[in-house]
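[1] requesting a structural model of the entry that follows:
(one chain, ligands or ions: 1)
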Amino acid sequence: MRVLIVYYSMYGHIHRMAQAMAEGAKEVRGAEVVLRRVPETLPEEILEKMGAVEAQKSMVHIPVCTVEELATADAVIFGTPTRFGNMCGQMRQFLDATGRLWKKGALVGKVGSVFTSSATQHGGQESTILTFHVTLLHQGFVIVGLPYTFEGQMRIDEITGGSPYGASTIAGGEGARMPSENELAAARFQGRHVASIAAKLGGSS
Ligand SMILES: Cc1cc2nc3c(=O)[nH]c(=O)nc-3n(C[C@H](O)[C@H](O)[C@H](O)COP(=O)(O)O)c2cc1C
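    A predicted model of the protein is given here:
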């Protein structure tokens, strides 16, 4: 049973959450977990202006995903930073290249799940995940979120990401805040949850 974690991360927050997702998914017996990045669409000079070059270097060891790889997975967990309350352009471009898979119904019956990160607490995490789900439904994914059995999402003693729609982290205005222990626990829970449902489904249709 193959769990693919596909993400874009500009400054490393989603990258860190993706690692936690993988840790959780690996706890499920029989799960082969693969981490992949979607292709970059911004030129180097723009990444430099956005102060992203150092963070990008720390992720170069993660292979870049091809759309065909999606068809080899039983479950796909997508990670994207929030951009104006939606997924980032890099992820959108990657998904817009999956028309051939859609035509063949190649993703129908696979488990799909989403996590995100945003600068601010109410900056669109839920809208990013929910609007992402629309694309997954068009492709026939069976959508899985982060149930309230992950009790960490009930916390109000500290600022935290995480909703029934999926794990998330709050990066802060300058991006200085890295995922908290509670947010990483949410990611591990979601990864484990997705993998266990994929195992129960016994592979994609
Ligand atoms: C063009 C652009 C749009 C953004 N839009 C939002 C937004 O709507 N809400 C928000 O809270 N943060 C927004 N951010 C901040 C990013 O979500 C934040 O940098 C990201 O979650 C950090 O994750 P990463 O390090 O994995 O890239 C935006 C950033 C950029 C560059």
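
[2] so G79, which state does it fall into?
    Secondary structure state of G79, per DSSP: H, G, I helix; E, B strand; the rest coil, is strand.

[3] ok, and the closest non-adjacent residue to it?
    Take G79 and drop its neighbours on the chain: the residue closest to it by C-beta to C-beta, 6 or more residues apart in numbering is Y7, 3.2 Å away. Heads up, the C-betas are built off the backbone N, CA and C, glycines and all.

[4] which residues does stretch 35-48 contact?
    The list of residues contacting stretch 35-48 from outside it, by C-beta atoms under 8 Å, 6 or more residues apart in numbering, reads 4-10, 18-19, 22, 50, 53, 56, 59, 62-65, 69, 89-91, 93-94.

[5] now check the helix ranked longest in the chain, is it near the ligand?
    With secondary structure taken from DSSP state H, the chain has its longest helix at helix 181-201. No. For helix 181-201, no contact with the ligand is found by C-beta under 6 Å from any ligand atom; the gap never falls below 11.9 Å.

[6] list the buried ones in that helix?
    By neighbour count with 16 or more other C-beta atoms under 10 Å, helix 181-201 contains the buried residues 182-199, 201.

[7] point to the residue nearest the middle of the protein.
    What sits nearest the mean C-alpha location of the chain, by C-alpha atoms, centre = their mean, is G79, with 1.9 Å.

[8] on that earlier part again, among the contacts of stretch 35-48, which are in reach of the ligand?
    With respect to the ligand, and counting by C-beta under 6 Å from any ligand atom, the subset of the contacts of stretch 35-48 in contact is S9, M10.

[9] now the buried members of the contacts of stretch 35-48.
    Buried residues within those, counting neighbours by 16+ other C-beta under 10 Å: 4-10, 18-19, 22, 56, 59, 62, 65, 69, 90-91, 94.

[10] up against the ligand, what does this structure have?
    Among all residues of the chain, those adjacent to the ligand (criterion: C-beta under 6 Å from any ligand atom) are 9-14, 81-85, 117-120, 123-124, 171, 175.

[11] if you set the cut-off to 8 Å instead, what comes out?
    7-17, 50, 52, 55, 79, 81-86, 88, 116-125, 169-171, 175 (C-beta under 8 Å from any ligand atom).

[12] okay, and which of those residues map to strands?
    Y7, G79, P81, T116, S117, S118, T169, I170 (DSSP state E).
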